[in-house]
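> pasting the sequence and the predicted coordinates here, then a few questions.
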Amino acid sequence: MENNILIVVAIGVAALFGLWIIFYFIPVGLWFTALLSGVRISLLQLIFMRWRKVPPTVIVRSLISSTKAGLQLKRDDLEAHYLAGGNVISVVNALISADKANMSLDFKTATAIDLAGRDVLEAVQMSVNPKVIDTPPVTAVAKDGIQLIAKARVTVRANIKQLVGGAGEETVLARVGEGVVSSIGSADSHKTVLENPDSISRVVLEKGLDSGTAFEILSIDIADIDVGKNIGAVLQMDQANADKNIAQAKAEEKRAMAVATEQVMKAKAQEARAKVIEAEAQIPLAIAEAFRSGNLGIMDYYRFNNIQADTRMRDSIAEPDGFKPKTERERERDKKDKNDQGTKLR
């Protein structure tokens, strides 16, 4: 009895599995839905889709949507796009949106845009509803040296023909920033720019910044302009400081050369003074030699000392107010030195 129950259960499970296999590979319900929607497709083609690893639901739903929208798309084209790694549903929705908006977009262009990595549906929506892009703050300097910080809003719409191979938003923002800098830099005064900010928009639009991009620039509006630093004054101050430092360096160099020259002259003066002292040291020897040879008498020597005394007296009288006279001890020492010198001569 138990064996019979197990056999019945096994047969039931096998039957259910067989039915699931049949309905999986033969999607009758999907075929019937397509038939009611006016899409002619055979059950055999649906089975082949399973074998080709193409989900029949995606293809059939896309065919139903396009047929109801009045578009005639081929099943083989949708399958080929899916096998190429494309988003079939996004392409079909983009074609329907473009058709309703009276835009020229064919299946080949849409699939090329999709395979290029861009969202074709978003591109169609951007063509119908333009997008506003806020630029980061752009800093520029007018001819009078005043820095201006401008923010712009760029209104763009997708250019369907340039989506494949066209530059993106980053390029548009870079070109707009370059145009703003050029426009402000060509102004004679920052006041002119503040009075007429639309002049920036006019100059930038005339440059044709959207060429080669995936977008068409509709308008460029200056949202805000702030006054920054006085760059001209800052540069002049920096130049003045640089000139001052150079002048100081040159003056320091001249001072060092003068100090070196002064030291050299002091050395030469010391050398000359040493020679004078050396020559003066020869005088007592010469006087002693004159005494020995009889060329100098004792009276001549006393007269010589008197002349020296008179000379020192006249020098002391001629000294300026700041001259400090010799002390008594210094005079006694000089007198003793003279007596010693006379003793040696005798």
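Now that the structure is in, tell me what you want to look at.
> where does Ala249 land in three-state SS?
helix (DSSP: H, G, I helix; E, B strand; the rest coil).
> Asp188 too?
Per three-state DSSP, Asp188 ends up coil.
> what sits closest to it if chain neighbours are left out?
The shortest distance from Asp188 to any non-neighbouring residue, by C-beta to C-beta, 6 or more residues apart in numbering, is to Lys143 (5.1 Å). The way it works is simple: take the backbone N, C-alpha and C, and place the C-beta from them, glycine included.
> for the one you found, what are its contacts?
Neighbouring residues of Lys143 by C-beta atoms under 8 Å, 6 or more residues apart in numbering: 185-189.
> next, give phi and psi for it.
Dihedral angles phi and psi of Lys143 (degrees, to the nearest 10) take the values phi -70, psi -20.
> who wins for most neighbours among the contacts of Lys143?
Among the contacts of Lys143, Ala187 has the most neighbours (other C-beta atoms under 10 Å), with 22 neighbours.
> surely it meets Val141?
No: using C-beta atoms under 8 Å as the test, Ala187 is too far from Val141 to be in contact (9.8 Å).
> average pLDDT for stretch 111-122, rounded please.
For stretch 111-122, mean pLDDT is 84.
> actually, stretch 219-239.
Mean per-residue pLDDT for stretch 219-239: 78.
> then stretch 201-213?
75.
> list the buried residues for it?
Neighbour-count burial for stretch 201-213, counted by 16 or more other C-beta atoms under 10 Å, picks out 201, 203-205, 209-210, 213.
> name the nearest of those residues relative to Asn245.
Using C-beta to C-beta, Val203 comes nearest to Asn245 of those, at 40.5 Å.
> could you find the closest non-adjacent residue to the closest one?
Excluding the flanking residues, the one nearest Val203 by C-beta to C-beta, 6+ apart is Ser183, at 4.3 Å.
> other SSEs contacting the helix or strand where that neighbour lies?
Assigned by DSSP states H and E, Ser183 belongs to helix 169-185. Counting contacts by 3 or more C-beta pairs under 8 Å, 6 or more residues apart in numbering; DSSP states H and E, helix 169-185 is packed against strand 131-134, strand 138-141, strand 146-158, helix 190-195, helix 198-206, strand 215-230.
> which strands and helices lie in contact with the fourth one?
Where contact means 3+ C-beta pairs under 8 Å, 6+ apart, helix 190-195 is packed against strand 146-158, helix 169-185, helix 198-206, strand 215-230.
> could you do the second one as well?
Contacts defined by 3+ C-beta pairs under 8 Å, 6+ apart place strand 138-141 against strand 146-158, helix 169-185.
> including distance to Pro130, could the helices and strands packed on helix 190-195 go into TSV?
Formatted as TSV, the helices and strands packed on helix 190-195 follow (distance: least, C-beta to C-beta, whole Å):
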stretch	distance to Pro130
strand 146-158	4
helix 169-185	13
helix 198-206	15
strand 215-230	6
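> give me whichever of those is most buried.
Looking across these with neighbours counted as mean count of other C-beta atoms under 10 Å, the highest average goes to strand 146-158: a mean of 20.
> nothing else from me, thank you.
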